[in-house]
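Q: have a look; sequence and predicted model below, questions after that.
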Amino acid sequence: MIQLLKYLRHFKRESVLAPLFKMLEAGFDLLVPLVVAQIIDKGIAEKNTKYVLEMGGVLLLLAFVGLAFSITAQYFAAKASAGFGKELRHDLFRHIQGLSYTQIDKYGTSTFITRMTADINQIQTQVNMALRLLLRSPFIVVGAILMAFLVDFDTALVFVISIPLLSFIIYGIMIITIPLYRKVQESLDQVMNSTRENLSGVRVIRAFNKEEEEIEEYRKENFLLNKFQIFAGKISTIMNPATYIVINLAIIAILWIGGKRVYTGNLTRGQVVALVNYMSQILVELVKLASLIINLTKAFACARRVQEVFAIPYGMDQGTITKGRDNEPAVEFCNAALTYEGAKETSVEGINLRVKKGQTIGVIGGTGSGKTSLVQLIPRLYDATQGEVKVDGINVRAYDKTMLRKMIGIVPQKTLLFQGTIRSNLLWGNENATEEDLIRALKVSQSYDFVMQKENGIDAVVTQKGKNFSGGQRQRLTIARALVRNPEILILDDSSSALDFATDAKLRKELTNLKNITKFIVSQRTASIMDADQIVVLEDGKVVGQGKHETLLDTCEVYREIYESQYKQTQKEGA
């Protein structure tokens with residue numbers, strides 16, 4: 001938590017003024033019992049109505065000034081905590097964006113979402129509370145004890161006994177609850193993961209009629225979260241009754257000792273009331289402090305979880321080279337291999353491939369053969385665990401990652417459009433693209449016709465994840481987005497699987513005309529890659545065939561089986 005307080009650096013003034021005004025308010029609160037004592041001893045006891053009214057006016061003035069200070073403190077605390085939350089959330093998001101695919105796969109998306117939302121909200125709330133109460137409550141407690149000693153030394157000894165006992169109760173409960181609330185947050189992660197998975201896969205769940213099973217699984221996870229929360233809550237609830245018992249026993253002791261001293265004339269009735277008021281103030285402030293500490297334990301648990309994300313080192317070293325060499329292969333794999341984090345076997349291995357600039361490379365193979373893993377090594381979404389991958393004669397590890405990815409346009413296997421408009425999505429490829437660039441990309445990707453039929457055309461609305469478009473339309477728009485970048489290398493990772501054969505043929509024809517772009521086309525269809533300059537056939541992560549279509553039909557059994565199964569299927573459909 002302490003390490004995260006650096007995000008208050010731009011709000012130093014507010015962070016000082018908030019507790020300062022709160023302590024000023026507390027100072028006025030400490031004067032109230034003395035004024036009440038004067039009203040009792042000099043006003044009521046002597047039946048001096050004028051004095052009672054005058055001192056009543058003083059009480060109202062103290063209340064008004066205290067309220068003004070309290071509102072001012074709240075304003076500064078809110079401004080500081082909101083700014084703290086904004087900067088912390090921004091930095092955490094930026095750090096997560098810098099993590100590699102391997103690290104994101106390892107920790108899971110749901111835990112990052114929970115830590116960026118629920119955890120930071122909890123920390124932000126407690127920063128607000130701490131700025132207002134963390135100094136005010138101890139100030140009131142210490143001030144009330146000192147004022148009690150000024151009123152009567154002997155009776156104030158009750159405070160000396162009761163306050164350490166209260167502190168022991170609060171500290172003990174805090175030690176017990178901190179690890180419990182950490183478990184609560186971990187259970188919340190699991191519930192968040194299930195919720196996210198169910199919402200994103202709702203169509204699949206309904207298609208397989210698995211609603212009841214998923215509800216039951218969610219109920220179990222929610223029950224576990226509820227169990228931890230209730231147990232932690234039971235421990236926390238001990239604090240209030242325990243502190244009330246100690247405080248009420250202390251008040252009884254004050255009345256007993258103070259009553260005797262009033263009887264002997266060493267103490268006035270008003271002073272006894274003042275001592276009781278000071279003990280009541282201590283009670284209120286300790287209850288506030290106890291509540292604050294309980295919430296701070298949650299915030300500390302949340303802060304640790306946020307700090308754990310910051311502690312994840314960037315998985316990929318940043319290179320410095322911004323431009324490759326001329327007269328070198330566009331892409332070269334040198335005995336490259338990739339093993340995913342935690343996997344026992346390699347996904348691809350022994351890859352050796354030289355690709356000249358402007359060539360089209362087809363990548364084909366069965367499901368799980370490593371096609372996507374192969375092309376993800378080029379933009380350095382994953383680092384090769386063996387060998388190396390070169391772009392323009394330079395190892396991709398040596399490139400500045402931003403510059404490397406500007407050279408590459410990639411259409412991932414899972415299409416994703418962002419909420420906004422078609423234009424805003426296309427501009428992800430190149431924010432400086434002209435209208436002509438956008439139109440050209442739409443035409444090449446075979447998107448132009450259906451886009452222009454939409455209301456507002458290129459400025460038509462796109463809902464979250466592009467749900468208002470069909471699968472084929474989403475694929476074509478993501479291809480257009482990649483083309484807007486005008487990349488040196490274009491990677492199409494099974495990005496035409498939802499297209500009919502006629503549209504796929506038109507798309508391939510347009511891509512063939514892009515002579516200055518090196519293209520990698522990953523596909524399950526032999527029809528999509530049969531005209532490629534080179535075809536790489538993968539099986540179980542290894543290259544089992546490499547060459548042109550006609551050559552592979554004669555020399556590669558895997559390729560021939562894929563081709564014949566699809567060719568015969570096409571003949572049957574035609575018949």
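A: Nice, thanks for sending it over. This one's a predicted model, so the numbers in the text were calculated from it and none came from an experiment.
Q: for the residue nearest the centre of the chain, phi and psi?
A: Nearest to the centroid of the C-alpha atoms of the chain, with distances taken as CA atoms, centre = their mean, sits Met116, at 2.6 Å. Backbone torsions of Met116, given as degrees, to the nearest 10, read phi -80, psi -20.
Q: so what's it up against?
A: 89, 92-93, 96 (CB atoms under 8 Å, 6 or more residues apart in numbering). Just so you know, the C-beta spots here come from the backbone N, C-alpha and C atoms, and that holds for glycine as well.
Q: can you check Leu490 too?
A: 408-411, 482-483, 511, 514, 517-520.
Q: nearest to Gly366, of these?
A: Closest approach between the contacts of Leu490 and Gly366, by CB to CB: Phe520, at 18.2 Å.
Q: which residues of this protein score low on pLDDT?
A: 1, 315, 568-575 (pLDDT under 70).
Q: now the helices: where do they sit in the stretch 51-200 of the chain?
A: 101-107, 109-114, 120-133, 136-151, 153-200 (DSSP state H, counting those that start in this stretch).
Q: what's the most buried one of the ones you listed?
A: helix 120-133 (a mean of 22; mean count of other CB atoms under 10 Å).
Q: and it with helix 153-200, angle?
A: Helix 120-133 runs at 160 degrees relative to helix 153-200, counting by axes from the mean of the first three to the mean of the last three CA atoms, to 10 degrees.
Q: ok, so of the contacts of Met116, who is nearest Leu275?
A: Out of the contacts of Met116, the member with the shortest distance to Leu275 (by CB to CB) is Arg89, at 47.4 Å.
Q: shouldn't the closest one be in contact with Ile120?
A: Yes: if you go by CB atoms under 8 Å, Arg89 and Ile120 touch, sitting 5.3 Å apart.
Q: quick one: the strands in the stretch 201-350 of the chain?
A: Secondary structure of the stretch 201-350 of the chain by DSSP state E, counting those that start in this stretch: the strands cover 331-338, 348-355.
Q: present those as a markdown table; the columns should include distance to Val461.
A: As requested, the strands of the stretch 201-350 of the chain are arranged in a markdown table below (distance: least, CB to CB, whole Å):
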| stretch | distance to Val461 |
| --- | --- |
| strand 331-338 | 37 |
| strand 348-355 | 39 |
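Q: that's a helix at Ile39, yeah?
A: Yes: under DSSP: H, G, I helix; E, B strand; the rest coil, Ile39 sits within a helix.
Q: and the closest residue to it other than its chain neighbours, what does it touch?
A: Closest residue in space to Ile39, ignoring its immediate chain neighbours: Met55 at 4.7 Å, by CB to CB, 6 or more residues apart in numbering. When contacts are counted by CB under 8 Å, 6+ apart, Met55 is found next to 35, 38-39, 43.
Q: how many neighbours does the nearest residue to Glu328 once chain neighbours are set aside have?
A: On the basis of CB to CB, 6+ apart, the spatially nearest residue to Glu328 that is not a chain neighbour turns out to be Gly393, at 3.1 Å. Per other CB atoms under 10 Å, the neighbour tally for Gly393 reads 13.
Q: cool, Leu60 as well?
A: 10.
Q: about what we covered before: what distance do you get for the residue nearest to Ile39 to Lys542?
A: Distance of Met55 to Lys542, given as CB to CB, to the nearest Å: 93 Å.
Q: residues making contact with stretch 228-243?
A: Residues contacting stretch 228-243 (CB under 8 Å, 6+ apart): 166, 169-170, 173, 176-177, 180-181, 183-184, 187, 283, 286-287, 290, 294.
Q: most widely separated two among those?
A: Ser187 and Leu283 (34.1 Å).
Q: surely Ala78 and Asn128 touch.
A: Yes: Ala78 is within contact range of Asn128, at 6.2 Å (criterion: CB under 8 Å).
Q: mind listing the helices for the stretch 301-450 of the chain?
A: 371-376, 401-406, 422-426, 435-444, 448-453.
Q: okay, buried residues for the shortest one please.
A: When burial is assessed from 16 or more other CB atoms under 10 Å, helix 422-426 yields the following buried residues: 422-423, 425-426.
Q: which of those lies closest to Gln74?
A: Closest to Gln74, out of all of the buried residues of helix 422-426 and judged by CB to CB, is Asn425, at 42.5 Å.
Q: how about the nearest residue to that closest one, chain neighbours excluded?
A: Leu417 (5.3 Å).
Q: the one you found and Arg423 touch, don't they?
A: No: contact status for Leu417 versus Arg423: not in contact, 11.9 Å apart, counting by CB under 8 Å.
Q: check contacts around Lys454.
A: 422, 460.
Q: phi, psi of Gly547?
A: With angles defined as degrees, to the nearest 10, Gly547 sits at phi 150, psi -160.
Q: give me the neighbour count for it.
A: For Gly547, the neighbour count with other CB under 10 Å is 17.
Q: same question for Leu53.
A: Neighbourhood size, Leu53 [other CB under 10 Å]: 12.
Q: if I look at it, how far off is Asp154?
A: Where Asp154 is concerned, Leu53 sits at a distance of 33 Å (CB to CB).
Q: would you put the C-alpha positions of stretch 404-416 in CSV?
A: Only the C-alpha atoms of stretch 404-416 are listed here, as CSV (Å, rounded to 0.1, in the frame of the first residue of the first chain):
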residue,chain,number,x,y,z
LEU,A,404,8.4,-3.8,-35.7
ARG,A,405,4.6,-4.0,-35.3
LYS,A,406,4.2,-1.0,-37.5
MET,A,407,5.8,-3.0,-40.3
ILE,A,408,3.3,-5.8,-39.8
GLY,A,409,-0.4,-6.0,-40.4
ILE,A,410,-2.0,-9.0,-38.6
VAL,A,411,-5.5,-10.3,-38.8
PRO,A,412,-5.9,-12.7,-35.9
GLN,A,413,-7.8,-15.9,-36.0
LYS,A,414,-10.5,-14.5,-33.6
THR,A,415,-11.9,-11.4,-35.2
LEU,A,416,-12.6,-8.4,-33.0
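Q: residues touching it, excluding its own?
A: Residues contacting stretch 404-416 (CB under 8 Å, 6+ apart): 319, 324, 372, 375, 378-380, 391, 396, 429, 465-466, 471, 474-475, 477-479, 481-483, 485, 487-495, 522.
Q: what of stretch 174-181?
A: 228, 231-232, 235-236, 293-294, 297-298, 300-301.
Q: and Val331, what does it touch?
A: Remark: with contacts taken as CB under 8 Å, 6+ apart, Val331 is in contact with 353-355, 378, 389-391, 489, 518, 520.
Q: which one among the residues you listed gets closest to Thr49?
A: So of these, ranked by how close each gets to Thr49 (CB to CB), first place is Ile378, at 91.3 Å.
Q: burial measure for that closest one, as a count.
A: Count around Ile378 with other CB under 10 Å applied: 24.
Q: thanks a lot, see you next time.
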